[in-house]
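1. Would you be able to build a 3D model of this:
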Amino acid sequence: MVRSIFGLAETGHMTAERIRATVAALGGGLNELYLHPATRDDFTGHGPGYCHRAELEGLLDPASTAALSAHNGRLGSLHSFQGAVG
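-> Numbering: from 1, shown residues only. Next up is the predicted model:
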């Protein structure tokens, strides 16, 4: 079960800086970072005004991945964590 969901208020605008700040605030257990990363911002079904590419770049940013590693975090879809935490 997800302990907390982060990024709802910043949906479509979770930049590397916001991701790092969010990771620093994470508690224990399973936490969700609410993102919609993509390689383009203008695809069919995109979120109007969303910066999908910036969210992807934020996830791939070396400082973001280092922050996740420092907190024993790992990336994956919510589905990939089902059953991992009771």
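2. only C-alpha atoms for contact and neighbour calcs from this point on.
-> OK.
3. What segments of the chain are strands?
-> 4-6, 31-33 (DSSP state E).
4. Relative to the first one, what are the paired strands and their orientations?
-> Translated: strand 4-6. Taking DSSP bridges as the criterion, strand 4-6 sits next to strand 31-33 (parallel) in its sheet.
5. got a list of contacts for the partner strand?
-> Outside strand 31-33, the residues that touch it by C-alpha atoms under 8 Å, 6 or more residues apart in numbering are Val2, Arg3, Ser4, Ile5, Phe6, Gly7, Leu78.
6. buried stuff in stretch 40-49?
-> The neighbour-count criterion (16 or more other C-alpha atoms under 10 Å) identifies Asp41 as the buried residues of stretch 40-49.
7. What of stretch 11-25?
-> By neighbour count, and taking 16+ other C-alpha under 10 Å as the criterion, the buried residues in stretch 11-25 are Thr11, Gly12, His13, Met14, Thr15, Ala16, Arg18, Ile19, Arg20, Thr22, Val23.
8. So for Phe43, which of the strands of the chain sits nearest?
-> Closest to Phe43 of those is strand 31-33 (C-alpha to C-alpha; 21.9 Å).
9. Could you tell me how many residues sit around Ser80?
-> Per other C-alpha atoms under 10 Å, the neighbour tally for Ser80 reads 9.
10. The spatially most central residue of the chain - nearest residue in space that isn't next to it in sequence?
-> For the chain, the residue lying nearest the average C-alpha position, counting by C-alpha atoms, centre = their mean, turns out to be Leu33 (3.7 Å). On the basis of C-alpha to C-alpha, 6 or more residues apart in numbering, the spatially nearest residue to Leu33 that is not a chain neighbour turns out to be Phe6, at 4.9 Å.
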